[in-house]
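# I would like to see how this sequence folds:
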Amino acid sequence: MTDKLDAETRLLAAIVYGESSTADVFEEMAALANVMVRQSKARGYNTISAFTSKEKSFSYVVTDGNKRFAKLMKSKELEIEKSSSMSDAVKAANNALNGGKDYSNGAYFWDGADIKSNYKNHFKVKNGIKFTDPLHNIYGINESTRLVKKEKTTKININGKIETKKEELWRYTYIYQSTAAYGGTIFWKQNPDYIKYTHAKEYL
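You can find the predicted model right below:
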């Protein structure tokens, strides 16, 4: 890390360092950085700083007193260079900010251990989750379904008798599908069918 660490890179590095598991897996931090940058751009922000200051609920580590976040924010550059985990966080931030490899495989969301501990009440679980690869299921949880469908009802006259006919136009059974998993984090994007049929925004 020879270049001076600018405020934007430091902030993103601190966020992914704080959000990632203590296993300090580079790919996990890199994927988190990818999602943060993708979400920031999708919501119309020019910087991570503007994004996190306006939408504090997207990354709680910025405001909830997370020790790892605070550590990287306060560390001198020499201290960061001497720490392999913090250096990886900076590397992850630089990769995402400079349009490098997308370790998240197109994800807009992530979850940690809370998806297991709060499984029954978890928002994503209630709306349906699907693992596109068994390796993504790092917490050994069950997939969930929520059937949503739209039907068209028409009335037809058959020999003077009015009968009702129902025709299914579309359906989906889950909203979130996994894209990757590293360390303690599962990454998600929305089911293309859900986006197509409901015209939902893929980043919300």
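# okay, now the sheet partners of the one helix or strand residue 162 maps to, with direction.
Assigned by DSSP states H and E, residue 162 falls within strand 161-172. Take DSSP bridges as the rule and strand 161-172 pairs in its sheet with strand 148-158 (antiparallel).
# contacts for the strand it pairs with next, please.
For strand 148-158, contacts defined as C-beta atoms under 8 Å, 6 or more residues apart in numbering pick out 162-173, 197. Backbone N, C-alpha and C define where each C-beta goes, glycine included.
# hmm, which two among those residues are most spread apart?
Among these, the pair separated by the greatest distance (C-beta to C-beta) is 162 and 173, at 32.8 Å.
# OK, contacts around the residue nearest to residue 146 when sequence neighbours are not counted?
Across the structure, with C-beta to C-beta, 6 or more residues apart in numbering as the measure, the residue nearest residue 146 apart from its sequence neighbours is residue 128 (4.2 Å). The neighbours of residue 128, taking C-beta under 8 Å, 6+ apart as the test, are 144-146, 172-176, 191.
# recalculate using a threshold of 7 Å.
144-146, 173-176 (C-beta atoms under 7 Å, 6 or more residues apart in numbering).
# and which of these is nearest residue 7?
Looking at the contacts of residue 128 and their distance to residue 7, the nearest is residue 176, at 32.8 Å (C-beta to C-beta).
# what ranges do the strands span in this structure?
109-111, 129-130, 148-158, 161-172, 176-182, 185-190 (DSSP state E).
# surely residue 193 is in contact with residue 173?
No. Proximity of residue 193 to residue 173 does not meet the contact threshold set by C-beta atoms under 7 Å, at 8.9 Å.
# ok, and what's touching the strand holding residue 162?
With C-beta under 7 Å, 6+ apart as the criterion, strand 161-172 contacts 147-156, 191, 193-194, 197.
# quick one, what contacts residue 197?
The neighbourhood of residue 197, defined by C-beta under 7 Å, 6+ apart, consists of 170, 172.
# what's the answer for the one 5 residues further on, then?
Under the criterion of C-beta under 7 Å, 6+ apart, the contact list for residue 202 reads 108, 189-190, 195.
# what subset of those residues is buried?
In terms of neighbour count (16 or more other C-beta atoms under 10 Å), the buried residues within the contacts of residue 202 are 108, 189-190.
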